[in-house]
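1. my questions are about this predicted structure, shown below with the sequence.
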There are 2 protein chains.
Amino acid sequence: MRFVIIGGDAAGMSAASRAKRQAPDMDVVVLEQSRDVSYSACGMPYNIADPERAMDDLVVRRAAVFRDKQGIDLKTGHRVDAIDPATQTVRGQSADQGPFAIGYDKLLIATGASPLIPAIAGMDLPGTVALKSLEDGRRIKAFLATQPVKKALIIGMGYIAMEMAEALRQRGIGVDMIKPGPVLLPWLHPDLAAVVRGELEANGVGLHLGHRITSVTKIPAGLRLVSSGLQLDADLVLVAMGVAPNSQLAQDAGLALGPGGAIAVDRRLCTSDPDIFAAGDCADAYHVVTGQKVWIPLALRANRAGWAVADNVTGRAVELPGVAGTAVFKVFDLEVARTGLNLAEAKAAGFAPVETVIQSRSRAHAHPGATTIRVQMVGDKKSGRLLGVQMVGKEGVAHRINAPAVALHAGMSVAEFAQCDLAYAPPFGPVWDPLLTAANQLLKK
Amino acid sequence: MRFVIIGGDAAGMSAASRAKRQAPDMDVVVLEQSRDVSYSACGMPYNIADPERAMDDLVVRRAAVFRDKQGIDLKTGHRVDAIDPATQTVRGQSADQGPFAIGYDKLLIATGASPLIPAIAGMDLPGTVALKSLEDGRRIKAFLATQPVKKALIIGMGYIAMEMAEALRQRGIGVDMIKPGPVLLPWLHPDLAAVVRGELEANGVGLHLGHRITSVTKIPAGLRLVSSGLQLDADLVLVAMGVAPNSQLAQDAGLALGPGGAIAVDRRLCTSDPDIFAAGDCADAYHVVTGQKVWIPLALRANRAGWAVADNVTGRAVELPGVAGTAVFKVFDLEVARTGLNLAEAKAAGFAPVETVIQSRSRAHAHPGATTIRVQMVGDKKSGRLLGVQMVGKEGVAHRINAPAVALHAGMSVAEFAQCDLAYAPPFGPVWDPLLTAANQLLKK
């Protein structure tokens, strides 16, 4: 049996490795258009921050290991252009060998996502970059190493935009951020978003919201971005406006798409064709709170979905419960985390949500070094169910979010969560953990 | 109606405050034998570490606030000697006014716990101390401020012993620890306990296990501890062998006792007398994993139980689900945490437990500053249920333990926990959180 995988990143290589481990006789073929497989994409901003580190430090496992040690037929430089479900064949171009066609018994589409690039002039100018692939990372790092970059401009204000703002500031580069929308982190409660804004500004990042961007042009001193009401010059322009799922191949093959244009999959990661699976940033998922389809591209899901596809392809029937949308990022000294639904998402999903925002401390009463932790919590007034949590603070946020994430998976009520026996010691929080304080406050509503 | 509370620490004052808030007309009387109420007992080691800080910084709310602002009849310096359930009366001695007797409609026993003191000579010598009350803390701090203490000896190796070892080392004092038992932290998996041992030794703490202690005597240069096979001299001897519940009053009044000699209470915190409640370190609890009674004296439970008693006394019927035994402590640069059952406890409770111990990293692949995290996880081979988790590491342990704690409350299986959508970003852990890696490994068994 031949198992063909399109895409050699998190989902694709997780599936390939596990399939080969569980079924050593299976013919496992991976078609990857770039020369890179199995690297820590999320680590790129931190790598870029440090001129001394090589971008290739982020490679977790080299192609040769997959080929020689694991027996995976890994074909890099192979771009797939079409899938024909009728004949169970994929066709494409190899960088070295020209056109190819290969038949499959089972197929996994793990094509990931691509950065959104605005349809304006100047996106192809040298010094205008996006950050998605390791090759993008190498390009940015080489540019910073060879060009005198004093000022960078970031289009967008999401996770990666903020991580890159920090990375560039660490290298002593001035950073401005600009976006068309009027609200910083619109998914985050305004009180918490205000803290993030303060942290960015305290670190010298200029924030320009509500400016429609019209062009980037070359000027003698570098690049010039023109927008409604504002003109900014910089040496480097980074486009970080979010990503879109690479689902064109699937759509062309007649497969059903889901939210955000991602490839629709069931709990077994199977697409609308029973022999074709999809996993990773190109595929959708069920949300554990709403039971509805969502597209939330995140690394853990990609790895987990890759494994589940391998299980299903090798005969172990596996269903994934879905995602809670748990995410965390660091921006300068701040940790920002979320899980589940915010108020607007909860309303849209048909709940009768109520929310609370509390302030607590990261360490116990009178313990030195305590900082403020803010917790937002959403519950359903009708059922009492916990729906979501957001947190912002300088310590103790990133791992704390996992407790409500587990509660969401368990379908706990706010009252049940409020009774959980959480850890306490003075260096790590107050006796009443900030999460419990939030739950107790929310119960009053 | 008169609600009388014996003991003015966490459970007692939580109950008093909440009862008065919910029923302003209720006559709420608190009888506290010391002059201190509402202080952060767990903060004492950290306060002792810093000669510049006053011990009274740990007072959360002063007696006058409870009396004047909250309308609680708080009587400090009032020691209760007897409870007479037949006449609903408590009797005792006031430091200022001599004998007293007071009738109650509802009574809360919140007498806490006392340090275990070995029955050997020398426990009353100046320089031999225990640490439980704020007065103990003041005494230790005054001793350190006025005496030339170069060397301290700690009898016992539990949480408080370790926190005090760190505090004393921070003040430049040499520390030796001694205990009769042969095993460091017997509840902790040996691989994890070895890491704690290494951390103590790396910080210059001498560890002497398996020595039966026979006496402490005064010598010209300070104090001398004599034990089987070892003699140690020191300027300060701290007894930190654990605590016992202060349940004598309850026992004398004919109330039923539970595990560890703690006062037996039901889920409403009611003792075997329907008008008498008990809460805090003197009372037992149900374990959420076994459903059986346990005595695990911890601060969060004390506060929560105090609230629940207030609810029940003021007419809201409240039942507490119980404890998971979640605990964390810091020892030098190490965080040590647990929740639920270890292997021996799981066996004793009738499960068919299997365990795994994994090593992972505190940050993502190639992220600078990563350290080792060790996770031990126990599951039930028959039901697949998650039973307990232990963790040791230099970062990301304290709050990470709350995720499995919530899972224990929810009665999740290891397989369900392994599918939870936990947060990922490179500064905070690998894509597969160490907890998920442990769960995946445990599933193979």
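-> Yep, it's here. Residues are numbered from 1 along each chain as shown, chains lettered A, B, ... in the order given.

2. show me which residues of stretch A:156-176 are buried.
-> Within stretch A:156-176, the residues that count as buried by 16 or more other Cβ atoms under 10 Å in any protein chain shown are A:156-170, A:173-176. Quick note: C-beta positions are derived from backbone N, CA and C, even for glycine.

3. what is the end-to-end distance of it?
-> Chord length of stretch A:156-176, first to last residue, is 10 Å (Cα to Cα, to the nearest Å).

4. just the helices in chain A please.
-> For chain A, applying DSSP state H gives helices covering A:10-22, A:44-48, A:63-64, A:134-146, A:159-170, A:190-202, A:248-252, A:299-313, A:343-348, A:402-409, A:414-418, A:434-443.

5. save those as CSV, and put in mean pLDDT and distance to B:Pro353 too.
-> Shown next, in CSV, are the helices of chain A (pLDDT from 0 to 100; distance: least, Cβ to Cβ, whole Å):
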stretch, mean pLDDT, distance to B:Pro353
helix A:10-22, 97, 27
helix A:44-48, 96, 39
helix A:63-64, 91, 42
helix A:134-146, 95, 43
helix A:159-170, 97, 40
helix A:190-202, 98, 41
helix A:248-252, 98, 45
helix A:299-313, 97, 26
helix A:343-348, 98, 39
helix A:402-409, 98, 21
helix A:414-418, 98, 25
helix A:434-443, 98, 29
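
6. tell me the most buried of these?
-> Most buried of those, by mean neighbour count (mean count of other Cβ atoms under 10 Å in any protein chain shown): helix A:402-409, with a mean of 29.

7. just the CA trace of it, in CSV.
-> The C-alpha trace of helix A:402-409 is given here as CSV (Å, rounded to 0.1, in the frame of the first residue of the first chain):
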residue,chain,number,x,y,z
ASN,A,402,-3.9,25.0,30.4
ALA,A,403,-6.1,24.5,33.4
PRO,A,404,-9.2,26.1,31.8
ALA,A,405,-8.3,24.4,28.5
VAL,A,406,-8.7,21.0,30.2
ALA,A,407,-11.9,22.2,31.8
LEU,A,408,-13.3,23.1,28.4
HIS,A,409,-12.4,19.7,27.1
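
8. burial of the closest residue to A:Ala370 other than its chain neighbours, as a residue count?
-> Of all residues not flanking A:Ala370 in the chain, A:Arg363 sits nearest, at 3.8 Å (Cβ to Cβ, 6 or more residues apart in numbering or on different chains). When neighbours are defined as other Cβ atoms under 10 Å in any protein chain shown, A:Arg363 has 21 of them.

9. how far does stretch A:28-47 sit from the chain's center?
-> 14 Å (Cα atoms, centre = their mean, to the nearest Å).

10. buried set for that stretch?
-> Under the neighbour-count criterion of 16+ other Cβ under 10 Å, stretch A:28-47 has A:28-34, A:36-47 buried.

11. please apply the same query to stretch A:415-433.
-> Buried positions in stretch A:415-433, judged by neighbour count with 16+ other Cβ under 10 Å: A:416-433.

12. those also near chain B: which ones?
-> Applying Cβ under 8 Å from any Cβ of the partner chain, the subset of the buried residues of stretch A:415-433 adjacent to chain B comprises A:416-417, A:419-429, A:431-433.

13. which two from those end up farthest apart in space?
-> A:Glu416 and A:Pro427 (27.7 Å; Cβ to Cβ).

14. if we check chain B, which of the buried residues of stretch A:28-47 are in contact?
-> Among the buried residues of stretch A:28-47, chain B is touched by A:40, A:42-43, A:46-47 when using Cβ under 8 Å from any Cβ.

15. quick check: the closest residue to A:Gly229 other than its chain neighbours vs chain B, distance?
-> Counting by Cβ to Cβ, 6+ apart, A:His211 is the residue found nearest to A:Gly229 once chain neighbours are left out, at 6.0 Å. As judged by Cβ to the nearest Cβ, to the nearest Å, A:His211 and chain B stand 28 Å apart.

16. next one, pLDDT for A:His211 please.
-> Looking at A:His211, its pLDDT is 96.

17. that one: what's it in contact with?
-> A:His211 is in contact with A:178-180, A:227-230, counting by Cβ atoms under 8 Å, 6 or more residues apart in numbering or on different chains.

18. just flag the most distant two among the residues you listed.
-> Across those, the longest distance by Cβ to Cβ is 13.3 Å; it joins A:Lys179 and A:Gly229.

19. so these two - more neighbours on which side?
-> A count of neighbours by other Cβ under 10 Å puts A:Lys179 above the other of A:Lys179 and A:Gly229, at 23 against 9.
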